[in-house]
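Colleague: sharing a model prediction with you, sequence too.
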Amino acid sequence: MRLGTPLAAALTLLWWAAPATAQATPDPHDVFEEKCLSCHGHAGPFARLHLTLEADGPHTSRGVPVESFLRSHKGGLPDAQIAAMLDLFRQHLTSGAIYERSCLLCHDRARDFVRHNLILQDGRLIGRYTGHDTATFLAGHARLSPEEAGQMLTVLRSFLDTP
């Protein structure tokens, strides 16, 4: 196949267009860090200090649904980014800040720690370098109660379940 053929041109066009459409669901942490971090700090503390979780989703401290707020704040966000942000805020508002309270003293921020040190293998979260099963490990780590260990496992796993 020569580079000047219509097929080569079509393949090149597809290759250039692929990065723009490859990630249909944005990573909520990337969105928050890009759009919000400079003014609002990290997502967890921000959510717990300034948002509440109502039946219809996260709300601002003034009672405004975060979904509608994000449609107009600083020019607004696209629907996919809004959905990702709402999920991120829900997670932070329901996590009980276990990571901040029990883990941050010794470990990097949760997102960075997970992406550098843990992997999913056969449906289980395991240590990338140790091979330890994270669920078993957490049961005796950092004085976590069994309930907290379960919650922490869900939180840690969510970082790898996110595209």
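Modeller: The structure has been received and is ready for your questions.
Colleague: mind listing what's buried along stretch 31-41?
Modeller: Buried residues in stretch 31-41, counted by 16 or more other Cβ atoms under 10 Å: Val31, Phe32, Lys35, Cys36. Quick note: C-beta positions are derived from backbone N, CA and C, even for glycine.
Colleague: so where do the strands sit in the protein?
Modeller: Here the chain has its strands, by DSSP state E, at 51-54, 57-60, 118-121, 124-127.
Colleague: which residues touch Leu53?
Modeller: His59, Phe89, Arg90, Leu93, Thr94 (Cβ atoms under 8 Å, 6 or more residues apart in numbering).
Colleague: quick one: contacts for the third one?
Modeller: Same thing as Arg90. Leu53, Gly57, Pro58.
Colleague: 7 Å instead?
Modeller: By Cβ atoms under 7 Å, 6 or more residues apart in numbering, the contact set of Arg90 is Leu53, Pro58.
Colleague: per-residue pLDDT of it, please?
Modeller: Turning to Arg90, the model gives it a pLDDT of 96.
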